[in-house]
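*Asks:* just coords:
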């Protein structure tokens, strides 16, 4: 006997080392916080949210640039013309004359949009050159050293003014949407993480049940030989052993599928074997409905979305009204000079003034333009009705979510205690069955209750974390630190 015990003592460390060596080389323990951090930086959803933010950022930058002065250079270098053109003689007859010229032109302008009136003011300087080719060759220069031009719609819609109201709201909505999308990435991570965790626990439970069923069946064979149990109980235990093997196979397949989903979402290599760690604690926070509602209406992209859609509906009505008539003013003042040499073209300057007033007023359009105004107003009323309904639904969803979250802590506590009790009950049932005090039906019921309690514990834990981050995504508020969820958008878009 001493030799046997010595041999066992030597083999146990070797077998343990062998089991450790047989584990996958890339096995990786993964906590919930680690999974969230990976998802926010490496998942496809995070990349999509980042690119949408960049798009909104550059659209806002483009709008801001429209309010700043532009410096433009336009020109024709060169313009060669060798054609025939019709010419009317003094007696009314026509003839064709030959054109053979080489021309150059260039204009430098500083343009500024006037958001207050919707007009455009330009300060220009230009130079034109024409060289007559052929027998009567010669050069001509025309300069406009300085000119001031104004283009102003009188009754049309002022798009710049409306954009100054809409675009900042649109960009604020995009920034809030980005933070919300980040929290939604977290929610997807939580779902995939707990799916894998539940699959892992299910596999562990299935293997434990298989071992217990095998051991109990072996004991039952001996007890049957001694006449202590019936043939029916023996067959039931054999079925339990067979079902245990089937459950292990199914659980292994489910675990592989869940692990593939999480690895794919986190952008990890297929060689990594993820081992999710059950969270041991949850935040102890109590959340009030009115606080959540105020923060959601203040910071959620939904509030900005409502404001933007209201402004866009008003803008459509203003555009339809502006199209009832069209009056545009164009005015240009400056100086010009003409000479055969370039430096002389800047001497002896003369006035150069142009004033144009274009009018387009429909005298008879059978109510078409006024009909468009009424359509725009009706569409605005539809939008406002939809927004009121969406606002009511939004408030109701927040109320239900807060109620579910505040109840979830208690549900989680109950599920955790039930899990511990069901585990102890099953162990007691196994021991009681071995001494013949309970039937296989009672044993199976204890096993099923144990498995159900474990699944419910994990499910309730998942629900708690999911509700928690759903509230964060709606309010953009960190309830653990009691601070706003913010991001350095300038650094983010430059990545």
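*Replies:* That came in fine, so what should we check first? Computed from a predicted structure; not experimentally measured. Numbers count the residues shown, from 1 in each chain.
*Asks:* rest of the way, CA atoms for contacts and neighbours
*Replies:* Fine.
*Asks:* now the protein, which segments are flagged as low pLDDT?
*Replies:* 1-25, 495 (pLDDT under 70).
*Asks:* tell me which stretches of it form strands.
*Replies:* 27-30, 70-88, 94-114, 119-132, 138-153, 273-276, 326-339, 350-360, 477-478, 483-484 (DSSP state E).
*Asks:* can I get those strands in CSV including mean neighbour count?
*Replies:* Putting the strands of the chain into CSV (neighbours: other CA atoms under 10 Å) gives the following:
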stretch, mean neighbour count
strand 27-30, 13
strand 70-88, 12
strand 94-114, 16
strand 119-132, 19
strand 138-153, 18
strand 273-276, 20
strand 326-339, 18
strand 350-360, 12
strand 477-478, 18
strand 483-484, 12
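*Asks:* to residue 185, which of the ones you listed lies closest?
*Replies:* Proximity to residue 185 (CA to CA) singles out strand 477-478 among these, at 15.8 Å.
*Asks:* tell me which strands that closest one pairs with, and in which orientation.
*Replies:* strand 483-484 (antiparallel) (DSSP bridges).
*Asks:* now the strand it pairs with, how far from the centre of its chain.
*Replies:* 20 Å (CA atoms, centre = their mean, to the nearest Å).
*Asks:* related to what we said a few turns ago, ok, which of the strands of the chain comes nearest residue 454?
*Replies:* Taking these one by one with CA to CA, strand 273-276 is closest: 15.7 Å.
*Asks:* the closest one pairs with which strands, parallel or anti?
*Replies:* strand 27-30 (parallel).
*Asks:* so residue 28 sits against residue 275, correct?
*Replies:* Yes. Using CA atoms under 8 Å, residue 28 is in contact with residue 275, at 5.8 Å.
*Asks:* find the nearest non-adjacent residue to residue 145, please.
*Replies:* Distances taken as CA to CA, 6 or more residues apart in numbering put residue 125 closest to residue 145, at 5.0 Å, once the chain neighbours are dropped.
*Asks:* right, and that neighbour touches residue 107 too?
*Replies:* Yes. At 5.8 Å, residue 125 counts as touching residue 107 under the criterion of CA under 8 Å.
*Asks:* give the burial count for residue 464, as a bare number.
*Replies:* If you count neighbours by other CA atoms under 10 Å, residue 464 ends up with 22.
*Asks:* residue 143 - nearest residue in space that isn't next to it in sequence?
*Replies:* Leaving out its chain neighbours, residue 143 is closest to residue 127 (CA to CA, 6+ apart), at 4.5 Å.
*Asks:* what residues are up against the one you found?
*Replies:* 105, 106, 107, 141, 142, 143, 144, 145 (CA atoms under 8 Å, 6 or more residues apart in numbering).
*Asks:* tell me the bridge partners for the residue lying closest to the first one once chain neighbours are set aside.
*Replies:* Sequence neighbours aside, residue 128 is the residue nearest to residue 105 in space, at 4.3 Å (criterion: CA to CA, 6+ apart). In this structure, residue 128 bridges to residue 105, residue 142 when assessed by DSSP bridges.
*Asks:* next, count neighbours for residue 239.
*Replies:* Neighbour tally, residue 239, other CA under 10 Å: 13.
*Asks:* state the distance from the spatially closest residue to residue 202 that is not a sequence neighbour to residue 245.
*Replies:* Distances taken as CA to CA, 6+ apart place residue 251 nearest to residue 202, at 6.3 Å, with adjacent residues excluded. Remark: distance between residue 251 and residue 245 (CA to CA, to the nearest Å) = 10 Å.
*Asks:* which of these two has more neighbours?
*Replies:* The neighbour count for residue 251 versus residue 245, taken as other CA under 10 Å, is higher for residue 251 (22 against 18).
*Asks:* my guess is the more buried one meets residue 206, correct?
*Replies:* Yes. In this structure, residue 251 is within contact of residue 206 by CA under 8 Å, at 7.2 Å.
*Asks:* how far away is residue 394 from residue 401?
*Replies:* The value you get for residue 394 to residue 401, if CA to CA is used, is 11 Å.
*Asks:* what do you get for residue 189?
*Replies:* Taking CA to CA, one finds residue 189 at 19 Å from residue 401.
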